[in-house]
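Student: Show me how the following folds:
(2 chains)
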Amino acid sequence: MTLRCEPWARADKRADKETLFSPQIRAEIDQWVAKYPDEWKQSAVMASLRIVQDDNGGYLTRELMDRIADYLDMPPIAVYEVATFYSMYELSEVGAHKICVCTNVSCMICGSENIVDHLEKRLGIKLGQTTEDGKFTLKEVECLGACGGAPMFQIGKQYYENLTPELVDSILDSLEQDNGE
Amino acid sequence: MSEQQTITVEVDGKKLEASPGQMLIEVTDAAGITVPRFCYHKKLSVAANCRMCLVEVENAPKPLPACATPVADGMKAWTCSPLARQAQKGTMEFLLINHPLDCPICDQGGECELQDVAMGFGEGISRFAEAKRVVASHNIGPLIATDMTRCIHCTRCVRFGDEVAGIRELGATGRGEHMKIGVYVERSVSSELSGNVIDLCPVGALTSKPFRYRARAWELTQYDSVAAHDGVGSNIHVHVRNHQVMRTVPKDNEAVNETWISDRDRFSYLGLYTEDRLLKPMLRQDGQLQEVEWQQALLESAELLKTVDAARLGALVSPGSTLEEMHLLQKLLRELGSNNIDHRLRQADFRGDAADPAAPWLGQSFADLENNEAVLLVGSWLRKDQPLLNHRVRKSVLAGGQVMVINPVDYDFNYGLSNKLIGAPADMVAHLAGVAAALGADTAGVDASAGAEHQAIAEALKAAAKGLVLLGSMAQVHPDFSLLRLLANNIAQAANVDLGFVGEGANSTGAKLAGAVPHSGGGLSVAGMLKQGLDACILLNVEPEFDVANPVAMAGLLNGAKVVALTTHLSPWLLEYADLVLPVAATLETSGTFVNLQGDLQSFNGTARPVGEARPAWKVLRVLGNLADLEDFDYESSQDVRDEALQSIGEIKLDNSLADTSAVAASLISTELQRIGGVPPYSVDMLVRRSSALQHTPDGWKASLHVSADTASQLGLMDGGSAVLRQGEGEITLPLVVDGRVPPACVWMPSGVPGSELLGEGFAAVSLEKA
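Tutor: A predicted model of the protein is given here:
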């Protein structure tokens, strides 16, 4: 036997793929599918998960993952594997602002524990939880590749580096004033 | 790369021959050099994720995994050098970090690859003092028990699902320490080969649920046998304790079952020890079956056989009986002067008897199934009916071959079908004739028009360098079987591909060879017996309510005849109609021979002791022969019987050619609402029907009536509501299931399932209304 180099098999391919997602979503996913050879459209699974997650208010449901599996002709479990592997995908509802705090080596050395402590105190939640008002979710993540600015976190698509408790407060203050924007 | 080319590698100082492209571990395995491994399996793709098979290779800066290192000419490797040993011990220590120390309560204990390898490569004391991880397990159905805390993430089960079973149901979710193998969403796995992950799992994470806590590996004695529930004749090991079958596992035979067995063959043994297993002979006295001694039962049976009018004596034998049993039964009948014997119990159409092939078989060897470029399945759910043949066909699809179907139900397959024609049972003839017409072949008098799909199928068959038209079990129970067979024959000839049959049971090819058919002497077929009636009827391993095409007619036959039943289980109808019931040894308890669909003659010995006073059927038949004063019934062993049978068979010449190609008219006409019969995969024989674990899988038949959404709305029926199905005099009320696989104007209500005995033949006009 040899090393595997073929796509996941799926016998029951859906014919009615246009019913799975809206035309905009399909167009976005198709852009990614077009980047790969025909038989490798499963390679677009990460982009598809991101597109669908953004469209669904920041998190994925099992049903949405099943639809992606149908859309890309792959077994549903293979989509769950990808979605559970990467920390960027959310499998349950998250707050309007998702704070991803890096606690990996560089950030830890530079004091990420203090940042986490401060965030937990200020928001009144633990890592992995969402505030009652649904505004903030606190999440521990591995290295986001910004070691030069440790300690750091990511909110939405924005990186915040060289964090101190005071800086964290001002960031959160401005976000609270934005009222979820 | 030429196949003949060989290169030389040196492992542990020994020069070994290898072919280019082989992995190092394949070469060492062939040479008998032990390299520890968990994730590598010869039938699965290479994952190289367990790192247990690390070996030292010359000029490599660090140890390399033998499973993922292709050999090269002149390569030097050491499997137990200090560097290799250090790497292997290091891997072992990591693997044991999170593995629980629960061997005393683990079912895998004693046959665990992790235990074995830890004995050789593990340290006596763990340096890991931290908490071990715990993983919650999902319930994945009635066959496989899960203890995922024990999992070492070898991913064999995951790769098996994708590469062999064809549906990936298990996966590895999460990452790092949080990675776990499971289904993610709790559900029963649906593969018909799922039990093989029990054997693949190197640890106790996936074990057999029915076998759980029943026995320890070292208490079991292993015997070899042959599985009895499909035409593959999978080779199996039977594990026995205290003369009882505790479980069955596959035995490697590359030409037959490779290294797999189907779930049906693995878990059917559960039907052996049920409450209705017959323990003593019984005789009807004062209208009641009462237990009697063997002596009396045999004398009474022989007396009946001697006195009955031979023309009105008949025998029905299950196609899963051994060659020896069939040979003796037909000999008994024929010496008594009757040719009324048949094993084709579910066949409905006997008009083609004169054309019957001499020894119907698959038409190809199992290995050849992998090389077909086009396969046309007619009336076959090959995936569930013959799981390991389907596995071979799937390999042909992966290699670029096409599979096309003409089926009465849109069965699911674990590969893509390039073309499918799904229609009511009556349409199957028209579709097949359409393909024949597209090929310019004789359409056997059927008015046929070739549509685009028929053309496409015809062209695929014609273009194939190697192809097959396969008549499945649904075709053989079809009321127009002889017509379907003739059309398939014409198609195969016109397209220059093979014609094959997938018979019922383990020994349908053997049955024909042994003479368990009426036409070698002009006797009555099953249908003939049902029509004419009998004065005395012998049943061998037949459950009359479920094993015959038309149970209603069967009830009539049994009512009018003296019935001698040689059986393993006492079914309600036997209790009601039989006059003499003789308990016989079940498969796995008796010695015998099966001829599988590629003509392999496979003999086996009994493994477990027959329960109660049951005796092997060949012995019972021999004594009946003696007591009926017949000649030449003095066999000392089943081998004697086999030798005699083989002598009369001569050389086994498999032959699918039709002796007569005159056409018959189609008998099945489209009606307003038609029943689709056939037998579900886990209802094929007495033993399988009694395997509770199989019945609880998704493939176990749930008492229900299946119709398409259109038909349901036309009849004003709701999914889940109750409906009454009427067929002739019979009727049954069952929940209705709206099922997209069923064509319009049809009701899928199989034969061989509880309730079907009230309805008669499997294909007929029926009516359906709200209950």
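Student: tell me which parts of chain B are close to chain A?
Tutor: Where chain B comes near chain A, counting by CB under 8 Å from any CB of the partner chain, the residues are B:21, B:23, B:41-48, B:68, B:159, B:162-163, B:166-175, B:183-185, B:398, B:412-416. (Each C-beta comes from the backbone N, C-alpha and C, glycine too.)
Student: any residues touching the worst-scoring helix or strand of chain A on mean pLDDT, and which ones?
Tutor: Lowest on mean pLDDT, DSSP states H and E among the helices and strands of chain A sits helix A:165-178, with a mean of 92. Outside helix A:165-178, the residues within contact range by CB atoms under 8 Å, 6 or more residues apart in numbering or on different chains are A:97, A:114, A:115, A:118, A:119, A:122, A:123, A:135, A:136, A:155, A:160.
Student: out of these, which touch chain B?
Tutor: Okay, of these, nothing touches chain B (CB under 8 Å from any CB).
Student: Just the buried ones from these?
Tutor: A:97, A:115, A:118, A:119, A:123, A:135, A:136, A:155, A:160 (16 or more other CB atoms under 10 Å in any protein chain shown).
Student: list the contacts for the first one?
Tutor: Counting by CB under 8 Å, 6+ apart, residue A:97 touches A:135, A:136, A:137, A:155, A:156, A:175, A:180.
Student: What about these, which are in helices?
Tutor: Per DSSP state H, helices hold the following members of the contacts of residue A:97: residue A:175.
Student: Which residue is the nearest non-sequential neighbour of residue B:305?
Tutor: residue B:628 (4.9 Å; CB to CB, 6 or more residues apart in numbering or on different chains).
Student: Surely that neighbour is in contact with residue B:304?
Tutor: No. Counting by CB atoms under 8 Å, residue B:628 stays clear of residue B:304, with 9.3 Å between them.
Student: What residues does the residue of the stretch 51-200 of chain B found nearest chain A make contact with?
Tutor: For the stretch 51-200 of chain B and chain A, the shortest gap (CB to the nearest CB) falls at residue B:171, measuring 3.6 Å. By CB under 8 Å, 6+ apart, the contact list for residue B:171 reads A:75, A:77, A:78, A:80, A:81, B:158, B:181, B:182, B:183, B:184.
Student: switch the cut-off to 7 Å
Tutor: Applying CB atoms under 7 Å, 6 or more residues apart in numbering or on different chains to residue B:171 gives the contacts A:77, A:78, A:80, A:81, B:158, B:184.
Student: Residue B:373 too?
Tutor: Neighbouring residues of residue B:373 by CB under 7 Å, 6+ apart: B:401, B:402, B:464, B:465, B:466, B:467.
Student: among these, which are in helices?
Tutor: Among the contacts of residue B:373, no member falls in helices (DSSP H).
Student: what about burial for the residues you listed, which qualify?
Tutor: The buried subset of the contacts of residue B:373 - by 16+ other CB under 10 Å - is B:401, B:402, B:464, B:466, B:467.
Student: I figured the fourth one hits residue B:371, correct?
Tutor: Yes. Between residue B:466 and residue B:371 there is a contact under CB atoms under 7 Å: 5.5 Å.
Student: Spatially nearest residue to residue B:762 (excluding sequence neighbours)?
Tutor: residue B:677 (1.8 Å).
Student: count of residues packed around the one you found?
Tutor: 28 (other CB atoms under 10 Å in any protein chain shown).
Student: Any residue of whichever strand or helix holds residue A:84 touching chain B?
Tutor: Using DSSP states H and E, residue A:84 sits within helix A:76-85. Yes. Shown here: helix A:76-85 in contact with chain B (CB under 7 Å from any CB of the partner chain) through A:77, A:78, A:80, A:81, A:84, A:85.
Student: Next step: the buried ones among the contacts of residue B:373 restricted to strands.
Tutor: By the criterion of DSSP state E, membership of the buried ones among the contacts of residue B:373 in strands covers B:402, B:467.
Student: The buried ones among the contacts of residue B:373: which two are farthest apart?
Tutor: B:402 and B:466 (11.8 Å; CB to CB).
Student: ok, residue B:418 - contacts?
Tutor: Residues near residue B:418 by CB under 7 Å, 6+ apart: B:402, B:403, B:404, B:460.
Student: Quick check: the gap between it and residue B:468.
Tutor: Using CB to CB, to the nearest Å, we find residue B:418 at a distance of 14 Å from residue B:468.
Student: how deep is residue B:259 tucked in, by neighbour count?
Tutor: Residue B:259 sits with 17 neighbouring residues when counted by other CB under 10 Å.
Student: measure the residue lying closest to it once chain neighbours are set aside to residue B:681 for me?
Tutor: Among residues not flanking residue B:259 along the chain, residue B:252 sits closest, at 5.0 Å (CB to CB, 6+ apart). Going from residue B:252 to residue B:681 by CB to CB gives 24 Å.
Student: Settle it for me: which of those two has more neighbours?
Tutor: Remark: of residue B:252 and residue B:681, residue B:681 carries more neighbours, 24 against 12, as counted by other CB under 10 Å.
Student: is it true that the more buried one touches residue B:385?
Tutor: Yes. Counting by CB under 7 Å, residue B:385 is a contact partner of residue B:681 at 6.1 Å.
Student: what sits against residue B:522?
Tutor: Counting by CB under 7 Å, 6+ apart, the residues that residue B:522 touches are residue B:339.
Student: if we can go back for a sec, would you turn the buried ones among the contacts of residue B:373 into a markdown table with pLDDT?
Tutor: As requested, the buried ones among the contacts of residue B:373 are exported to a markdown table (pLDDT from 0 to 100):
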| residue | pLDDT |
| --- | --- |
| B:401 | 96 |
| B:402 | 97 |
| B:464 | 97 |
| B:466 | 97 |
| B:467 | 97 |
